[in-house]
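Asks: sharing a model prediction with you, sequence too.
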Amino acid sequence: MVEIKTPEQIAKMREAGLVVAAIHAATKEAAVPGATTKDLDDVARKVLAEHGAKSNFLGYGGFPATICTSVNDVVVHGIPDTDTVLRDGDIISIDAGAIVDGWHADAAFTAFVGGGHSQELHELSRVTEESMWAGIAAVKNGNRLVDISKAIEGYIRRQPRPASGRYGIIEDYGGHGIGSEMHMDPHLLNYVSRKRGKGPRLVPGFCIAIEPMVSLGTPRTHVLEDDWTVKTDDYTWSSHWEHSVALTEQGPLVLTAVDGGRAKLAQYGITAAPDPLA
Ligand code: MG
């Protein structure tokens with residue numbers, strides 16, 4: 001069953017989304033050479049406290065931290081610790097969430113630590129982020145869930161291939177419904193699977209976290225002994241971008257983007273819904 005939200009509930013999710021956006025801004029600034037991933041977690045916890053918001057990551061299935069910090073060949077679910085020191089040339093995907101009055105938001109981005117990154121890494125992050133926006137642009141009244149998957153995969157496959165050969169669209173993880181819980185139905189694949197149907201029809205009140213994960217090699221992953229950290233099987237580096245999106249009567253609202261997605265959606269000829277908090 002897909003949870004359909006009222007405009008009031010979407011406004012609460014927007015509040016949570018703006019807390020997540022604030023966590024993104026603060027952790028991005030803190031992701032510098034010499035910082036530990038635990039430092040970033042401390043930053044995130046402080047932002048949550050300042051906004052009176054709760055963490056949906058801390059304690060989720062026993063997860064021990066407030067954000068996921070996934071460095072280089074870690075795809076997702078990296079655990080912040082004091083041993084992982086960021087170095088010049090690293091890339092880090094930071095995944096964060098927040099709860100306001102019981103309503104959830106969830107978003108991730110890939111940051112470049114210091115400088116000296118290859119063009120291939122910049123392209124990897126750009127392609128991953130842009131595929132997320134292509135997916136967001138498919139959140140339209142009357143579309144089906146599969147149209148989001150199709151838009152994400154289609155964008156990635158239309159890009160020039162990386163020198164490593166082919167982008168790997170991670171298959172073991174995907175997007176998800178979000179609202180009164182962080183992870184809800186439906187599960188959103190980042191590619192089209194013939195084994196799956198078209199999925200539910202998108203209607204106002206439908207909310208989804210869209211989160212492509214792309215590697216410079218294999219789409220396959222494994223989980224380390226800590227039961228959380230996910231790495232690519234071939235240890236190629238990967239990128240992860242995510243936004244939580246609500247479909248409203250007035251169109252899509254990107255809950256975790258400061259501008260509600262207005263600027264990026266305009267590039268797709270789509271007018272973002274008005275911000276319920278504005
Ligand atoms: Mg998510």
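Replies: Looks like it arrived, so ask away. Numbers count the residues shown, from 1 in each chain.

Asks: so where do the helices sit in this protein?
Replies: 7-30, 37-50, 119-137, 145-158, 262-267 (DSSP state H).

Asks: for these, which one sits closest to the ion?
Replies: Nearest to the ion, of all these, is helix 7-30, at 10.5 Å by C-beta to the ion. Yep, even glycine has a C-beta here, placed from its N, CA and C like the rest.

Asks: list the buried residues of that closest one.
Replies: Applying a neighbour-count criterion of 16 or more other C-beta atoms under 10 Å, the buried positions in helix 7-30 are 9-24, 26-28, 30.

Asks: now swap in stretch 165-176 and tell me
Replies: Neighbour count says stretch 165-176 has 167, 168, 169, 170, 173, 174, 175, 176 buried, by 16+ other C-beta under 10 Å.

Asks: for burial, what's the neighbour tally of residue 102?
Replies: Counted with other C-beta atoms under 10 Å, residues neighbouring residue 102 total 12.

Asks: and residue 102, how far is that from the ion?
Replies: According to C-beta to the ion, to the nearest Å, residue 102 stands 18 Å off from the ion.

Asks: nearest residue to that residue in space, please, no chain neighbours.
Replies: residue 180 (6.2 Å; C-beta to C-beta, 6 or more residues apart in numbering).

Asks: the ion contacts on the stretch 1-150 of the chain?
Replies: Neighbours of the ion within the stretch 1-150 of the chain, by C-beta under 5 Å from the ion: residue 106.

Asks: returning to that earlier point: how about the helices of the chain in JSON lines, adding mean pLDDT and distance to residue 198?
Replies: Formatted as JSON lines, the helices of the chain follow (pLDDT from 0 to 100; distance: least, C-beta to C-beta, whole Å):
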{"stretch": "helix 7-30", "mean pLDDT": "98", "distance to residue 198": "24"}
{"stretch": "helix 37-50", "mean pLDDT": "98", "distance to residue 198": "37"}
{"stretch": "helix 119-137", "mean pLDDT": "98", "distance to residue 198": "15"}
{"stretch": "helix 145-158", "mean pLDDT": "98", "distance to residue 198": "5"}
{"stretch": "helix 262-267", "mean pLDDT": "98", "distance to residue 198": "23"}
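
Asks: between the ones you listed, which one is closest to residue 206.
Replies: With C-beta to C-beta as the criterion, residue 206 lies closest to helix 145-158 of these, at 9.1 Å.

Asks: now the stretch 151-278 of the chain against the ion: closest residue?
Replies: Distances between the stretch 151-278 of the chain and the ion by C-beta to the ion are smallest at residue 209, namely 4.2 Å.

Asks: just the pLDDT at residue 194, thanks.
Replies: Confidence at residue 194, expressed as pLDDT, is 89.

Asks: do the same with residue 168
Replies: pLDDT for residue 168: 98.

Asks: wait, what's in contact with the residue of the stretch 151-278 of the chain closest to the ion?
Replies: When contacts are counted by C-beta atoms under 8 Å, 6 or more residues apart in numbering, residue 209 touches 106, 107, 175, 176, 177, 178, 188, 242, 243, 244, 245.

Asks: how about the fourth one: what's its closest non-neighbour residue?
Replies: Leaving aside its chain neighbours, residue 176 sits nearest to residue 183 (4.8 Å; criterion: C-beta to C-beta, 6+ apart).

Asks: ok, that neighbour to residue 23 distance?
Replies: Using C-beta to C-beta, to the nearest Å, we find residue 183 at a distance of 18 Å from residue 23.

Asks: how about residue 270?
Replies: Remark: distance between residue 270 and residue 23 (C-beta to C-beta) = 26 Å.

Asks: center of the chain - which residue?
Replies: Closest residue to the average C-alpha location of the chain: residue 242 at 1.7 Å, with C-alpha atoms, centre = their mean.

Asks: I'd say that one and residue 211 touch.
Replies: Yes: counting by C-beta atoms under 8 Å, residue 242 touches residue 211, with 3.4 Å between them.

Asks: hmm, residue 180 is touching residue 103, no?
Replies: Yes: between residue 180 and residue 103 there is a contact under C-beta under 8 Å: 6.7 Å.

Asks: the more surrounded of the two?
Replies: Comparing residue 180 with residue 103 by other C-beta under 10 Å, the one with more neighbours is residue 103, at 24 against 14.
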